[in-house]
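Peer 1: got a sequence here, can you model it:
(one chain, ligands or ions: 1)
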Amino acid sequence: MNYRKFGQTGWNVSEIGFGAWAIGADWGNVSENDAMAALNTAIDKGVNFIDTADVYGDGRSERLVAQLIKSRSEKIYVATKAGRRLDPHTSDGYNRQNLTSFIERSLKNLAVDTIDLLQLHCPPTQVYYNPEVFQILDDLVQAGKIQYYGVSVEKVEEAIKAIEFPGVQSVQIIFNIFRTRPAELFFDLAKKRKVAVLARVPLASGLLTGKMSSESKFTDDDHRNYNRKGQSFDVGETFSGIDFDTGLIAVEEIKTLLPKGMTMAQFALRWTLMFDAVTLAIPGAKNSKQAAENAGASDLPPISSDTMDQLDFIYKRLIKEKVHQRW
Ligand SMILES: NC(=O)c1ccc[n+]([C@@H]2O[C@H](COP(=O)([O-])OP(=O)(O)OC[C@H]3O[C@@H](n4cnc5c(N)ncnc54)[C@H](OP(=O)(O)O)[C@@H]3O)[C@@H](O)[C@H]2O)c1
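Peer 2: Residues are numbered from 1 along each chain as shown. As a prediction, this is how the structure comes out:
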């Protein structure tokens, strides 16, 4: 496992982290045994960064992560998120009282005195125009409730606005072979500002692993079933916002470029690591096998520039028009 500097925090984090949404909920049933095995395998393979949120399984994911960090001696950085408990999810809900109570709840779930990294959880765009929110976060740092804070965003424009606030240490954004726009302008700005970048949904919700087909079925409690059209949250979070059939066609072409010695999941993850602005990718994993395979992507050789160009060509030909200007 290779490690990269996490913005200005002084942390060295594994370039493959662990996305802990699926072990919380919304991806079909994941048993506690499988979830703990996935987490432990990731740590065994050198992963030292976990991304979770207070709403993943209404705290289940945070509590599983708490079990893990209690049982392991390695330093594990845990990033959680706040904001999505708001109902309705409006910008004026991002106030001192609510943020403080969300953070107190996460501290309890994670069983820690200080949260390593607290991320605003894809707040409405208006939040980035309200400096008071960032003042509240600065105060929570001062109070020792959180060590650092960052943001998770839907749109490139939100990322660019968010890093104007000097306290923002990290930006989490969807970045994968089907979602390349962050690399155009934002990555240079993030590098200049020395902000950490977390590439989320790096497998396009599993589509880029190459295991899916038009026959693939997803259970009722899996967002790849119930959020196909964005019925519950931003459609960009499900298969990266690309319609399933188009995604399948593009994946078949990507398969023809797969370098020897890696799996499709590893190819997709290695692709995100080709960009030096990316601090780490945070693939989700539901079992030990997936966690091991994903962590293994770090040790693979870089993708050739010729293959990178061909992937870009597939994106431009099949995907770009459908997603590029939406996020
Ligand atoms: N708003 C936000 O801030 C936000 C939104 C989305 C995600 N995130 C974060 O980003 C993380 C990653 O995104 P994601 O989990 O949505 O999507 P992802 O990482 O693109 O896909 C994860 C899913 O792909 C499948 N998979 C993973 N590794 C595999 C492998 N090696 N082989 C075959 N299948 C594999 C698993 O589902 P199956 O086995 O069921 O196919 C897994 O749940 C999340 O866990 C979460 O921490 C944050």
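Peer 1: residue 118 in helix, strand or coil?
Peer 2: In three-state terms, and counting by DSSP: H, G, I helix; E, B strand; the rest coil, residue 118 is strand.
Peer 1: excluding its backbone neighbours, what's nearest it?
Peer 2: On the basis of Cβ to Cβ, 6 or more residues apart in numbering, the spatially nearest residue to residue 118 that is not a chain neighbour turns out to be residue 146, at 4.3 Å. In short, each C-beta sits where N, CA and C put it, glycine included.
Peer 1: now for the one you found, how many residues are close by?
Peer 2: Residues near residue 146, counting by other Cβ atoms under 10 Å, number 23.
Peer 1: over to residue 304?
Peer 2: Other residues within reach of residue 304 by the criterion other Cβ under 10 Å amount to 11.
Peer 1: need the residues that contact the strand or helix carrying residue 169.
Peer 2: Using DSSP states H and E, the secondary-structure element containing residue 169 is strand 168-174. Strand 168-174 is touched from outside by 6-9, 51, 79, 117, 119, 134, 148-154, 156, 159, 162-163, 182, 186, 190, 195-201, 236-237, 240, 279, 282, 327, with contacts defined as Cβ atoms under 8 Å, 6 or more residues apart in numbering.
Peer 1: filter those down to the buried ones.
Peer 2: With neighbours counted using 16 or more other Cβ atoms under 10 Å, the contacts of strand 168-174 contain these buried positions: 6-7, 9, 51, 79, 117, 119, 134, 148-154, 156, 159, 162-163, 182, 186, 190, 195-201, 236-237, 240, 279, 282, 327.
Peer 1: of those, list those near the ligand.
Peer 2: Applying Cβ under 6 Å from any ligand atom, the subset of those adjacent to the ligand comprises 51, 152, 200-201, 237, 282.
Peer 1: now tabulate the residues you listed in JSON lines and tack on pLDDT.
Peer 2: Putting these into JSON lines (pLDDT from 0 to 100) gives the following:
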{"residue": "51", "pLDDT": "99"}
{"residue": "152", "pLDDT": "98"}
{"residue": "200", "pLDDT": "98"}
{"residue": "201", "pLDDT": "98"}
{"residue": "237", "pLDDT": "97"}
{"residue": "282", "pLDDT": "99"}
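Peer 1: closest to residue 25 among the residues you listed?
Peer 2: For residue 25, the closest of those turns out to be residue 237, at 13.7 Å, with distances computed as Cβ to Cβ.
Peer 1: isn't that closest one right up against residue 227?
Peer 2: Yes. With contact defined as Cβ atoms under 8 Å, residue 237 counts as touching residue 227 (7.1 Å).
Peer 1: which regions of the stretch 101-250 of the chain lie under the pLDDT threshold?
Peer 2: Nowhere does the stretch 101-250 of the chain drop to pLDDT under 70.
Peer 1: now the element after the host helix or strand of residue 135, going C-ward?
Peer 2: Assigned by DSSP H and E, residue 135 belongs to helix 131-142. As assigned by DSSP H and E, the chain's next helix or strand after helix 131-142 is strand 146-152.
Peer 1: can I get the helix holding residue 135 in PDB, CA atoms only?
Peer 2: What follows is the C-alpha trace of helix 131-142 in PDB, where atoms were taken according to Å, rounded to 0.1, in the frame of the first residue of the first chain:
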ATOM      1  CA  PRO A 131     -19.500  31.900   6.100                       C
ATOM      2  CA  GLU A 132     -21.200  31.400   9.500                       C
ATOM      3  CA  VAL A 133     -21.300  27.600   8.900                       C
ATOM      4  CA  PHE A 134     -17.600  27.500   8.500                       C
ATOM      5  CA  GLN A 135     -17.200  29.700  11.600                       C
ATOM      6  CA  ILE A 136     -19.200  27.200  13.500                       C
ATOM      7  CA  LEU A 137     -16.900  24.400  12.300                       C
ATOM      8  CA  ASP A 138     -13.800  26.400  13.300                       C
ATOM      9  CA  ASP A 139     -15.400  26.800  16.800                       C
ATOM     10  CA  LEU A 140     -16.000  23.000  17.000                       C
ATOM     11  CA  VAL A 141     -12.300  22.500  16.100                       C
ATOM     12  CA  GLN A 142     -11.400  25.000  18.900                       C
END
